[in-house]
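Asker: need coordinates for the below:
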Amino acid sequence: MGQYNILVVDDDPDILTIIKDNLELDGYEVFTAALGKDALSIFKKESINLIILDLMLPDMDGIQICRATRANSHVPIIMLTAKDSVSDKVLGLESGADDYIVKPFDYLELAARVKAQLRRSKSYFFADDIFEVGNLQLKPASRELVIDGAQIVLTKKEFDILSLLFRYVGKVLDRDTIKMEIWPDQKLYKWSRTLDVHIQRLRAKLEKNPEQPQYILTIPGVGYMLSNSNVS
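Answerer: Just a heads-up that it's a prediction; the model follows:
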């Protein structure tokens, strides 16, 4: 059995076979589904570490599956799509996908993206450690944020951004570094304000006064930093 379990969802039997065979050669345990309902059933029964998901399926689209999965899991999702428009890519990513790849694709590119997502996902889990800054407690293994004993609900991307800032507490992370970690497709988000919007939402949940943040500081012309020196 491979180190990681991967679920591949695609109604094209040739693509399904090619991806499955190559992933198994790379040492992964692979589950396959041609229908959305079967994919969701497998996901509930098996311990899946990553999903490769076709956008267009006979019974439901990948967006529906993505949203259903995100309701109770943060497993990495790579969307497969024959559509190359920016709007389709944005919709997929905003629905919870972590990355996308356009058909036809080279398997080596897909394999590299699989490894990157598994590595990134694993990097956010630090067994049962609890990381503290001021009155913030971050629990990466359970993906929880606790402030003064109260659990704060974060979206997947908000948690990922905060986890990244926690890993480099006290150090400035430039905008491109954060985008590269959180949104692998730099072309899509190069000129986007998506990062700034997520930071604003995080501050609204973390800070006593979001207009004068003590935790997530903006470093003009550079990026952001999680500070523990100004916390009262």
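Asker: could you list the domains of this protein?
Answerer: For the chain, the structural domains run 5-123, 131-226, going by automatic domain parsing.
Asker: look up the closest residue to residue 81, ignoring the ones flanking it.
Answerer: residue 55 (4.1 Å; CB to CB, 6 or more residues apart in numbering). Where you see a C-beta, it was placed from the backbone N, CA and C, and this is true even at glycine.
Asker: stretch 106-120: how far from the chain's middle?
Answerer: Relative to its chain's centre, stretch 106-120 lies at 13 Å (CA atoms, centre = their mean, to the nearest Å).
Asker: stretch 98-106 too?
Answerer: A distance of 16 Å separates the C-alpha centroid of stretch 98-106 from that of its chain, computed with CA atoms, centre = their mean.
Asker: measure that stretch end to end?
Answerer: When the termini of stretch 98-106 are compared using CA to CA, to the nearest Å, they are 19 Å apart.
Asker: in it, which residues are buried?
Answerer: Buried residues in stretch 98-106, counting neighbours by 16 or more other CB atoms under 10 Å, are found at 98-101.
Asker: ok, now stretch 131-146?
Answerer: Taking 16+ other CB under 10 Å as the basis for neighbour counts, the residues of stretch 131-146 that come out buried are 133-134, 136-140, 143, 145.
Asker: C-terminal to the helix or strand of the chain with the lowest mean pLDDT, what's the next element?
Answerer: Within the chain, no helix or strand scores below helix 186-189, which has a mean of 53 by mean pLDDT, DSSP states H and E. Counting by DSSP states H and E, the element after helix 186-189 in chain order, helix or strand, is helix 194-206.
Asker: what mean pLDDT would you report for that following helix?
Answerer: Helix 194-206 comes out with an average pLDDT of 92.
Asker: let's test this: mean pLDDT of the helix of greatest length in the chain, rounded?
Answerer: Of all the segments of type helix in the chain, defined by DSSP state H, the longest one is helix 107-123. Within the predicted structure, the mean pLDDT of helix 107-123 is 83.
Asker: now that helix: how far from the chain's centre is it?
Answerer: With CA atoms, centre = their mean, you get 12 Å for helix 107-123.
Asker: which other residues reach that helix?
Answerer: Helix 107-123 has contacts (CB atoms under 8 Å, 6 or more residues apart in numbering) with 4, 6, 18-19, 22-23, 26, 28, 49-50, 52, 74-76, 78, 98-99, 101, 167, 181, 184.
Asker: quick check on those residues: which are buried?
Answerer: Neighbour-count burial (16+ other CB under 10 Å) is assigned, among the contacts of helix 107-123, to 4, 6, 19, 23, 28, 49-50, 52, 74-76, 78, 98-99, 101, 167, 181, 184.
Asker: helices along this structure, start to end?
Answerer: Assignment of helices within the chain using DSSP H yields the ranges 13-25, 36-45, 62-70, 86-94, 107-123, 156-167, 175-182, 186-189, 194-206.
Asker: residue closest to the middle of this structure?
Answerer: The geometric centre of the chain, computed from its C-alpha atoms, lies nearest to residue 98 (CA atoms, centre = their mean), at 4.3 Å.
Asker: you'd agree that residue is up against residue 74?
Answerer: No: contact status for residue 98 versus residue 74: not in contact, 9.3 Å apart, counting by CB atoms under 8 Å.
Asker: one step back: out of the helices of the chain, which gets nearest to residue 226?
Answerer: With respect to residue 226, and counting by CB to CB, the nearest of these is helix 156-167 at 3.8 Å.
Asker: returning to that earlier point: burial count for the residue nearest to residue 81?
Answerer: Residue crowding around residue 55 was assessed by other CB atoms under 10 Å; the count is 23.
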